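[1] Coordinates for the following, if possible.
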Amino acid sequence: MGNSLGCSASGERLVSAARDGDLVEAKMLLEFNPCLAKYSTFGGLNSPLHFAAAKGHNEIVSLLLENGADVNSRNYCGQTALMQACRYGHWEVVQTLLLYKSNVSRADYLSGRTALHFAAVYGHVRCIRIVVADFVPSIPCEAISSGISLRQRCDQVALSKFVNKTADGGITALHMAALNRHFDCVRLLLDLHANVSAVTFNYGTSMDLIGSGSTPLHYAACGGDLKCCQILLSRGASRLTLNCNGWLPLDIARIWGRHWLEQLLAPNSDLSLPTFHPSKFLSLPLMSILNIARDCGLQSSAMSSDDNDLCAVCLERTCTVAAEGCSHELCTRCALYLCSTSNVTSETIDPPGTIPCPLCRHGIVSFSRLPTTSTKELKLSLALSLCNPCLLHPRDLNPPTNTCRSEFRKNCVSSVSAELLCPVSCSPFPSVAIPSCTCKDGLCPPVEAAQRETDDQSPPHQLQNGSCEQDKMDGSRLEKTSCSSMFWSRRSCQREHQCDSEINT
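    Okay, here's the model as predicted:
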């Protein structure tokens, strides 16, 4: 990626400028040699684009992309700049990368994680909203009353496949959001057709203390967040699902000392669940304004002397788009910012995901380009996409189920078909610790202590199989007591540590 001896010193200066946010230095270096935008550090650990995205320096990210940086370039771990931006929650950088058509479905080399997984693990709900923008169609006003078209149904299928894409061990973004107690992410993912019954499988990294065959409700029980459990149950999660260890979500809560969840997760619980409205982070018009920005640019400078043509929000730029319905005109940048940041709860506006107009509060479902707006195509990198985007696997993510609520249902997962794995970019690798510890006070409580407290409250199926359960509890997996060491911890991978330490130096 350009690591010749002649440009090494300048490349390292650009890396330092990208890390430190020195826009003046970066401009000077790229004016002298635009090819430096493709530079990477020694060993290919990270490029300047990775540094700028991880640190949230949006102007430098735009500058690098304008000078030919590959928006889909990978570092030593196979991570893209979009993954780094989602990991650290820099939603403006995510927005810029999507304007340059970053591939949201690429997976890293270590464990098949996508940008959506990184955003869900760390609870960056605004990044999730932007990452899925190209899968959520902006419905024109005249099409709402005519029902859902065939194209929209196809878009929903693609959205469901993307949201339910699994990483190593069958982990979905919903599993990780539930484990780490990010209830806003859980609600948004469920509104985006995340599969509430998705189960992990015994392949790649072992799920030490929960086991394969676990649903997002098992993970939410381990995380211990009441609201996450309530949201999952209100969307159809089953309290009666047994994983391959024979454990209910209730058993997971008892093992990890989440005693406040026992009454809610009991198989015969009669607690009423609160009503959860659609997520306030849904954004229907985001796809339409993204496409307009890609075609016309953001047009940062005013192009007319007539004050009537200026955007009523910023009073700086010319109006380029109009909101369908109320027809109020805005500039592209303000409309894009509005769709990316608005989280106003409006239960009276239909459909869910409508954004209130800043001028009249009318619900906006789509933006249209004004006839006077000129086309200005962004300079895009035409890098070859090796794997795009594992959405063609013939797996049915929402199989029909006829679960009887009066019987326990056990998930037996013994092997994984090769059809579920992409041979190019999604094959599982030894993984690292993704989620942080879900306990507030250091280490999680020892499992043995939690088990002694709940011996008298064990469910009937545990009493009947006491010896079998005792053998499981005696296993080596119970020797670990921290959440950070129980998942994704078969081996530690030095590659990601090297890339992260270089960025955080």
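
[2] When you work out contacts or count neighbours from here on, use the C-alpha atoms and nothing else.
    OK.

[3] wait, what's in contact with Gln84?
    Residues near Gln84 by C-alpha atoms under 8 Å, 6 or more residues apart in numbering: His50, Ala53, Ala54, Ala115.

[4] which residues touch the second one?
    Meaning Ala53. Val61, Ala81, Leu82, Gln84, Ala85, His90, Val93.

[5] give me phi/psi at it?
    Backbone torsions of Ala53, given as degrees, to the nearest 10, read phi -70, psi -40.

[6] coming back round to it: in helices, which of the contacts of Gln84 fall?
    Of the contacts of Gln84, the ones assigned to helices by DSSP state H are His50, Ala53, Ala54, Ala115.

[7] how near is the first one to Val94?
    Computed as C-alpha to C-alpha, to the nearest Å, the His50 to Val94 distance reads 12 Å.

[8] same deal with the second one?
    In this structure, Ala53 lies at 8 Å from Val94, with C-alpha to C-alpha as the measure.

[9] Common neighbours of the two, please.
    Leu82, Ala85.

[10] Which of the ones in helices among the contacts of Gln84 has the largest number of neighbours?
    Greatest neighbour count in the ones in helices among the contacts of Gln84, by other C-alpha atoms under 10 Å, goes to Ala53: 33 neighbours.

[11] give me the low-pLDDT residue ranges for the protein?
    By pLDDT under 70, the low-scoring segments of the chain are 1-7, 42-44, 140-154, 203-209, 299-308, 345-350, 373-495, 502.

[12] Please enumerate the strands of it.
    According to DSSP state E, the chain carries its strands in the segments 241-242, 321-323, 329-330, 355-356, 363-364, 367-369, 409-410.

[13] Format these as CSV; extra columns: mean neighbour count and distance to Ser197.
    Below are the strands of the chain laid out as CSV (neighbours: other C-alpha atoms under 10 Å; distance: least, C-alpha to C-alpha, whole Å):
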stretch, mean neighbour count, distance to Ser197
strand 241-242, 24, 9
strand 321-323, 22, 38
strand 329-330, 26, 42
strand 355-356, 25, 30
strand 363-364, 26, 33
strand 367-369, 23, 35
strand 409-410, 17, 12
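
[14] just so I know, which of the ones you listed lies nearest Pro274?
    When these are compared by C-alpha to C-alpha, strand 241-242 sits nearest Pro274, at 21.8 Å.

[15] Pull the contacting residues for Leu30.
    Going by C-alpha under 8 Å, 6+ apart, Leu30 touches Leu36, Ala37, Asn67.

[16] closest to Arg254 among these?
    Here the nearest of the contacts of Leu30 to Arg254, counting by C-alpha to C-alpha, is Ala37; it sits at 52.6 Å.

[17] Any chance of JSON lines for the strands of the chain, columns distance to Tyr76?
    Putting these into JSON lines (distance: least, C-alpha to C-alpha, whole Å) gives the following:
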{"stretch": "strand 241-242", "distance to Tyr76": "39"}
{"stretch": "strand 321-323", "distance to Tyr76": "41"}
{"stretch": "strand 329-330", "distance to Tyr76": "42"}
{"stretch": "strand 355-356", "distance to Tyr76": "40"}
{"stretch": "strand 363-364", "distance to Tyr76": "42"}
{"stretch": "strand 367-369", "distance to Tyr76": "40"}
{"stretch": "strand 409-410", "distance to Tyr76": "39"}
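
[18] I'd like to know which of those is closest to Arg187.
    Among these, strand 355-356 sits nearest to Arg187 (C-alpha to C-alpha), with 17.8 Å.

[19] Which other helices and strands does the closest one contact?
    Counting contacts by 3 or more C-alpha pairs under 8 Å, 6 or more residues apart in numbering; DSSP states H and E, strand 355-356 packs against strand 363-364.

[20] quick one: buried residues of stretch 323-339?
    By 16 or more other C-alpha atoms under 10 Å, the buried positions in stretch 323-339 come out as 323-325, 328-336, 338-339.

[21] closest to Ala120 among the residues you listed?
    Looking across the buried residues of stretch 323-339 and measuring by C-alpha to C-alpha, the closest to Ala120 is Cys339, at 19.9 Å.
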